[in-house]
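**Student:** Here you go, sequence then predicted model.
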Amino acid sequence: MIRDFASTRLFLDAPLAEDAAVDLDARQVNYLVNVLRMTDGDAVLVFNGADGEWRARLSAAGRKAWQVVAGEQTRPQTPRPDLHYLFAPLKQARLDYMVEKAVEMGAGSLRPVITRHTQVTRVNLERMRANAIEAAEQCGILALPEIDAPASLADIIGGWQKAEGGRRLIFCDEGEEGADPVAVLSALPPSPLAVLIGPEGGFAEDERALLRSRPFVTAISLGPRILRADTAAVAALAVVQAVLGDWRGGAS
């Protein structure tokens, strides 16, 4: 099915089906009617993360009240990507960027991890969700990622095998030198994957030792340059998707 990249897309937190009418909130009305200058009868694509994508029409429902009415389904629902992204939270603007890029790069789970050198320990999960929704709206994504509450690195690693089973954790280690990340990843057996990016100050030595001691962890280098954490996120997810993920063989 050919994707429509030209139409406006809107996430709706409501069930979708043929002829379903969904009331828009003030923010959505402002965006569609005041910013985009859309009017009664204009077409918009809508999705809710569960019922696929639908072509809908904008409908005036009274003074300052608007709805969208679903017509035909344009794409069936796709499953959430099975790639988990774990990261040390950043200050707000850079965290916004990181969340958007992780969603664009195919992360199906976003998990804030508190480490020794983490800059921020309180995370606005609603803001993370809003940024994930915006990325999905702009990039044609149908399945929204799960967003977990922050947890300590020790707790996550300690409970990994019980919670994650055979999922392998790709640990982007600033202390790893020389090894080609493509070669390291190519040698791994097939399994579900997670990617871990540390804070701006890097992992503490005891944290690196903890990670390296676990059989489900694989350390990779991201090259000779020092990368900011939000840049490292894009680099790491790109190499993992290219070698082991859904970029292989031209997959979409």
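**Tutor:** Yep, it's here. Since we're looking at a predicted model, the values are computed, not measured.

**Student:** helix or strand right after the worst-scoring helix or strand of the chain on mean pLDDT?
**Tutor:** Lowest by mean pLDDT, DSSP states H and E among the helices and strands of the chain is helix 160-164, with a mean of 89. Next along the chain after helix 160-164, taking DSSP states H and E as the criterion, comes strand 168-172.

**Student:** CA-only coordinates of that next one in CSV, if you can.
**Tutor:** Backbone C-alpha positions of strand 168-172 (Å, rounded to 0.1, in the frame of the first residue of the first chain) are rendered in CSV as follows:
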residue,chain,number,x,y,z
ARG,A,168,20.4,-8.8,24.2
LEU,A,169,21.5,-5.4,25.5
ILE,A,170,23.8,-3.5,23.2
PHE,A,171,25.9,-1.3,25.5
CYS,A,172,27.5,1.8,23.8
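
**Student:** what packs against that strand?
**Tutor:** strand 193-197, helix 205-212, strand 217-220, helix 229-243 (3 or more C-beta pairs under 8 Å, 6 or more residues apart in numbering; DSSP states H and E). C-beta: built from backbone N, CA, C; applies to glycine.

**Student:** Contacts for the least confident helix or strand of the chain next, please.
**Tutor:** Helix 160-164 has contacts (C-beta atoms under 8 Å, 6 or more residues apart in numbering) with 167, 169, 192, 194, 214, 216.

**Student:** got the buried residues for that helix?
**Tutor:** residue 160 (16 or more other C-beta atoms under 10 Å).

**Student:** Next: stretch 9-19.
**Tutor:** Buried, per 16+ other C-beta under 10 Å, within stretch 9-19: 9-12, 16.

**Student:** Could you work out the end-to-end span of that stretch for me?
**Tutor:** 18 Å (C-alpha to C-alpha, to the nearest Å).

**Student:** again, but for stretch 136-146
**Tutor:** With C-alpha to C-alpha as the measure, what separates the two termini of stretch 136-146 is 13 Å.

**Student:** Ok, stretch 98-109 next?
**Tutor:** Using C-alpha to C-alpha, the two ends of stretch 98-109 sit 13 Å apart.

**Student:** The closest residue to residue 190 other than its chain neighbours: neighbour count?
**Tutor:** Leaving aside its sequence neighbours, residue 190 sits nearest to residue 244 (C-beta to C-beta, 6 or more residues apart in numbering; 8.0 Å). Look at residue 244: counted by other C-beta atoms under 10 Å, it has 19 neighbours.

**Student:** That's all I had, so thanks and see you.
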